[in-house]
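# Following is a predicted model, sequence given first.
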Amino acid sequence: MINIRKSLIALFFCVIFISARTNAQNLCPAGKPSDKLVCVIPQVYGPSGLANGGALAAVGDHQGHFEDSFLNSLTPLNSEVGSQSSLLPLASPSSGITFAWNPITKAFAASTDDLGPILGERAETIGRYKLFLGSSYQYFKFENMDGVSLKNLPAVFTHQDDGDCSISGPNPGPSNTNSCGFVRDVIATNTGVDLKVHQFTTFITFGLTNRIDVSAVIPIENVRMGVSSKATIMDNSDSGDHVFPTTADCPAPCLNKSFSSSRTASGIGDITLRVKGTAWRGERAAVALGVDVRVPTGDKLNFLGSGAAGVRPFVVWSYRSRISPHVVVGYETNGSSVLAGDTSSGSKDRLPSQLTYAVGADARITKSFTVAFDLVGQQVFQARRIVIDPNFHDLGPCVPFDITMSPYCTSAGPAKTYSNVTQVTGSYNNSNASIGLKFRPTAGLLITGNVLVKLNEGGLRADYVPLVGVSYTF
């Protein structure tokens, strides 16, 4: 057992220094197809995007340029998906059977009060030289983000400035009439994102002393991301300068096109290491202090990891009885990651900090069967979020003085109004109800079932997250 202790301590401190590094660069460069999930959204219209030679057909000598607008309006969604999907909730690495020294029998005895929380925490440690091994499976099917359905993400892409033809220049009015009418064209899109994660997690906890545990949480994930987008070119210039390539299902002029892309990735996620110690222990109540260190071992470009280290000190209070309440509060700070930055340039930004909490209780029905309930949540500070702007206006259609002179126009018709996804920065709350049960068929074996139910709309959300697990304490 002493050798196991030394090995686990060595593993605990060595893994801290494992990290993956990526130089700042465009993660999804134009014209180069990528097999990384981080490029599924940027390359949904093809590797060359919304430009001639890509999703748009060349018309004469005019060059259609909507790529900048696309990168500014839809790819921020990519950053939010990446940064949030790589920080998924994990079951507690110390939620199994605890052992305490019995001075009468002069042996360690298993606790008979409860079998522990599932997603919450308790202050008790598992016991000196005791080893807890566990495994769990969770399934996430993300449905919405910040209250916006992932199946219905409207975005409008505008033409970039082209010399004297300007949308956003100092004199946008006169400069986009006459021969500059083509800058009035927009591409209206509706995009759906299908994101699923299968998470298999291994837990290892070892009791260094009667009051101190060390733990490692090792997730293995399978992430599947699919994107589909319906795009419509709004020919406001009446010029025909912007069209999709003609196909059998889209005859000329092709102004409506559907696009899709999907990828799947599997691998190890970010490993979390923990030290927890009981700071005070009464007859039935106890207080523990601990710290979690998240190591960026997962492939961030495939949404398997966050791309940054994180540290979360926490405090736990719990009470042992037939009904055992518990409270845990922590504060997590994170490093910088490309997932929180700009994926089009590879620049990094800091992942948002968050206040984490779980409040609940587990109740003993019999010595072998308990039920558990927790309110589990996060208050996330100054994170990227998305909102839908229902009042996005284009420049309006050209009103040519002579149809044969199109795209020459002397004035504009009424502007059209669209819904458009946009990015904001702000804090939000993410709260869930955790309801589960535990069954102990033999002395050290536990079987766990749980479901996490969302209570609000903050962040990237799944309506329900089922969990099944098995653990054994030696």
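Thanks, I have the structure now.

# ok, and the residue lying closest to P390 once chain neighbours are set aside, which helix or strand is that part of?
Once flanking residues are discounted, P390 sits nearest to S419: 5.0 Å by CB to CB, 6 or more residues apart in numbering. (Each C-beta comes from the backbone N, C-alpha and C, glycine too.) Taking DSSP states H and E as the criterion, the element that holds S419 is strand 417-439.

# What residues sit buried inside that strand?
418-421, 423, 428, 430, 432, 434-438 (16 or more other CB atoms under 10 Å).

# Any stretches of this protein with poor pLDDT?
1-25, 52-53, 58-64, 71-73, 75-76, 86, 93-114, 163, 168-178, 401-408 (pLDDT under 70).

# show me the contacts for A231.
45, 55, 187-189, 244, 256-259 (CB atoms under 8 Å, 6 or more residues apart in numbering).

# which among these gets closest to L301?
Checking these against L301 by CB to CB gives Y45 as the nearest, at 19.7 Å.

# Just list whatever residues bridge to the nearest residue to G269 once chain neighbours are set aside.
Using CB to CB, 6+ apart and skipping the chain neighbours, the partner closest in space to G269 is P219 (3.7 Å). As for beta bridges, P219 partners with T201 under DSSP bridges.

# Tell me where the stretch 101-250 of the chain has helices.
Assigned by DSSP state H, counting those that start in this stretch, the stretch 101-250 of the chain shows helices spanning 172-175.

# Sketch out the strands for it, chain order is fine.
In the stretch 101-250 of the chain, the segments counted as strands under DSSP state E, counting those that start in this stretch are 107-110, 131-145, 148-149, 153-158, 186-207, 212-234.

# Tell me which of these sits most buried.
The highest mean neighbour count among the strands of the stretch 101-250 of the chain, using mean count of other CB atoms under 10 Å, belongs to strand 153-158: a mean of 23.

# Contacts made by that one with the rest, please.
Strand 153-158 has contacts (CB under 8 Å, 6+ apart) with 50, 66, 69-70, 73-74, 77, 167, 183, 186-193, 386, 388, 392, 394, 418-421.

# List the strands paired with the helix or strand harbouring V359, with their directions.
Element membership for V359 (DSSP H and E) is strand 354-366. Here strand 354-366 has these sheet partners by DSSP bridges: strand 323-334 (antiparallel), strand 369-393 (antiparallel).

# rewinding a little: ok, of the contacts of A231, which one's closest to Y331?
Of the contacts of A231, the one sitting nearest to Y331 (CB to CB) turns out to be T189, at 39.3 Å.

# Not counting sequence-adjacent ones, nearest residue to that closest one?
A231 (4.6 Å).

# May I have the beta-bridge partners of the one you found?
Assigned bridge partners for A231, using DSSP bridges, are T189, K257.

# so how far is A188 from it?
A231 sits 7 Å away from A188, going by CB to CB, to the nearest Å.

# again, but for A55
14 Å.

# swap in S419?
Relative to A188, and taking CB to CB, S419 is found at 9 Å.

# can you check D362 too?
52 Å.

# same deal with L273?
L273 sits 48 Å away from A188 when distances are taken as CB to CB.

# cool, and G147?
Taken as CB to CB, the span from G147 to A188 is 22 Å.

# same deal with Y129?
The gap separating Y129 from A188 is 65 Å, by CB to CB.

# That's all I had, so thanks and see you.
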